[in-house]
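>>> coords below, sequence missing:
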């Protein structure tokens, strides 16, 4: 049984001295909230998939609308779906260039929101996603201080 591979981008913006994270609410299943992410297409690397998924799901363009904090720094999530299939998701962290940029949702999502860390952790349904957001936040805070 092979692993499911996915990647995404944790997008943040600075508003009035606070950091807010973009989360999208899915239009399927339990309508969970997540950063833009999706499965890798055949032959696609993790970063290329993350950029593509962010464009498809949120209408945001790499380098035009957001910039990666680092090409090397990623936050990973590893978990099991359906009690049997291992899944690995790699997230890059990126800052919005324009905090007020319009988000254009795909059919895969019904709503989006910008949330401070505590609110983001409250709205995501999965513990693994909370851990990812907390790790990303720690990295961002550390980057901003230096």
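Received, thanks. Please read these numbers as outputs of a predicted model, since none were measured by experiment.

>>> for the protein, longest helix please?
If you go by DSSP state H, the chain has its longest helix at helix 127-145.

>>> Skipping adjacent residues, who's closest to residue 102 in space?
residue 59 (7.5 Å; Cβ to Cβ, 6 or more residues apart in numbering). All C-beta spots, glycine's among them, are computed from the backbone N, C-alpha and C.

>>> List phi and psi for the one you found.
Backbone geometry at residue 59, expressed as degrees, to the nearest 10, gives phi 70, psi 20.

>>> same question, residue 76
Torsion angles, degrees, to the nearest 10, at residue 76: phi -110, psi 150.

>>> Buried ones in the helix or strand of the chain with the lowest mean pLDDT, by neighbour count?
Sorted by mean pLDDT, DSSP states H and E, the helices and strands of the chain end with strand 74-81, the least confident at a mean of 86. For strand 74-81, a neighbour-count test (16 or more other Cβ atoms under 10 Å) marks 74-75, 77 as buried.

>>> hey, where'd the strands end up in this protein?
For the chain, strands defined by DSSP state E occupy the ranges 4-15, 18-26, 33-34, 37-39, 66-68, 74-81, 85-96, 109-115.

>>> Can you say which of those strands is nearest to residue 127?
Residue 127 lies closest to strand 74-81 among the strands of the chain, at 8.9 Å (Cβ to Cβ).

>>> Direction included, what does that closest one pair against?
strand 85-96 (antiparallel) (DSSP bridges).

>>> quick one: average confidence on the strand it pairs with?
Across strand 85-96, pLDDT averages out at 94.
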